[in-house]
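>>> here is a sequence together with a model predicted from it:
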Amino acid sequence: MKKITAAAFVMTLLLSALSAYNPPVGSEDMCLLSSPRALSGGLSVSGGAISYSGAESIVVNPALTASEQRTNLNFAYTMLLSGNRLDESCFGSAFQGAILIPFKLYVFSGYVNGTFANFTNEMYLGNSINAKVGLSKEITEKLNVGLSLSGGYTWKFGMDWAIAADLGFVYNVGDLGFLKDFRYAFSALNLGKTYNNVLRLNLDSTQAMTAYPSLATLKAGASGSFIKNDNIEIGAAFDVTVPTFQNVIFDLNLQAGIKNMLFISLGEKFNLRETITGHNSFIPSVGLIFKFNFNMKNNEFFESKDWSQSEMSTSLAYKNLYSNVHAISAGLDVSLGMKDMTPPQIILLDLDDEE
């Protein structure tokens, strides 16, 4: 009898916890709307199907930037469209800007995002400005760790503020069986106060809204390449996200790269609680990235910084967020300078010969 009573008590607690989870529709991906790389699934906790660790990576894992050797700049804009004429507005937008600066002891990253989504029937996130600053470091050749602080302000049908911390790690395994460049990672996001004192379109409109993005959102994932040579690279990334231990989100990303210049990205997302409440779309997202080098040899400032030859990526993506809500995104990513591919030389002196 005692065991039955205890089991019933535990079940009651679990059900009450699940019923308490009621964030706005789309809020778990609020800072992922502004980036074509994120929309197409390429911004994963372990660095994506084909490894990427630019400035915007701190959105999902502050440790990803630790291996970067070059200053990185990122800019992106997303147009949000609704086909539902009953919405307050049929147009919305999201933008972001990010910077990464490597130092000797650590790598600094900064990120700013603005999201303006007022689709009253499917995705009502109001207006918000969000920012992150983070530090990351290589602990060993394989292990990277990172920490970031975030803050934000939201308005429209109420006003509120947010302040939180994120932390994470990435472990670079290398080759594992048939997989190349295999990585696994973990991050804990939104450790602090998030938005709550506003009116939004919740998963369940009959219940009170819970804070968003969800407190203590845990992410774990792995990625690697099936084929990797000078001509082609094909890889996959898989993430599992657990917001407040009350929901589970699966993300799958497939990427193919040609000559390290043209990349095609396909993404699929499954949000359990949104699917249960009828807020979902299973249409895969798609993205294109084109990467190229450019020269600034006649610029004294760029030459003094060893930036005369640098790398730029342009990207486009489309995602059907919900049945009538669509996102079209474009972005620009600049890495100043070129990667140092020369390993350090160690010269051993023979003291006997010197004498």
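Great, that's in hand.
>>> and the residue most central in space within the chain, what pLDDT?
Nearest to the geometric centre of the chain sits Val60, at 3.8 Å (Cα atoms, centre = their mean). Predicted confidence (pLDDT) at Val60: the value is 96.
>>> that one reaches Leu218, doesn't it?
No - the criterion here is Cβ atoms under 8 Å, and Val60 misses it with Leu218 at 11.8 Å. All C-beta atoms are positioned from the backbone trio N, CA, C, and that covers glycine.
>>> how about the helix or strand hosting Asp251: buried residues?
For Asp251, the host element (DSSP states H and E) is strand 249-258. Neighbour-count burial for strand 249-258, counted by 16 or more other Cβ atoms under 10 Å, picks out Ile249, Asp251, Leu252, Asn253, Leu254, Gln255, Ala256, Gly257.
>>> contact partners of that strand?
By Cβ atoms under 8 Å, 6 or more residues apart in numbering, the residues outside strand 249-258 that reach it are 28, 40-42, 44, 48-50, 221, 223, 231-243, 263-272.
>>> one step back: please enumerate the shared neighbours of Val60 and Leu218.
Ser187, Leu189.
>>> just for the protein, where's the confidence low?
Low-confidence segments of the chain (pLDDT under 70): 1-19, 296-308, 338-355.
>>> quick one, helices of the chain?
Along the chain, counting by DSSP state H, helices occupy 2-20, 36-39, 272-276, 300-304, 351-354.
>>> what sits up against the third one?
Taking contacts as Cβ under 8 Å, 6+ apart, the residues outside helix 272-276 that touch it are Tyr21, Val25, Leu203, Gln246, Asn247, Val248, Ile249, Asn280.
>>> among those, which one lies nearest to Phe182?
Checking the contacts of helix 272-276 against Phe182 with Cβ to Cβ, the nearest one is Ile249 at 22.4 Å.
>>> neighbour-wise, which of the contacts of helix 272-276 leads?
If you count neighbours using other Cβ atoms under 10 Å, the busiest of the contacts of helix 272-276 is Val25, which has 28 neighbours.
>>> gap between that one and Ala162?
18 Å (Cβ to Cβ, to the nearest Å).
>>> and Gly257, by the same measure?
36 Å.
>>> what does Gly151 give?
Between Gly151 and Ala162 the distance is 6 Å, computed by Cβ to Cβ.
>>> if you skip the residues just before and after it, what's nearest to the residue nearest to the centre of the chain?
Val45 (5.1 Å; Cβ to Cβ, 6 or more residues apart in numbering).
>>> same thing with Ser285?
Closest to Ser285 by Cβ to Cβ, 6+ apart is Lys319, at 3.7 Å.
>>> and Gly152, what are its bridge partners?
Assessed by DSSP bridges, Gly152 has beta-bridge partners Asn130, Ala162.
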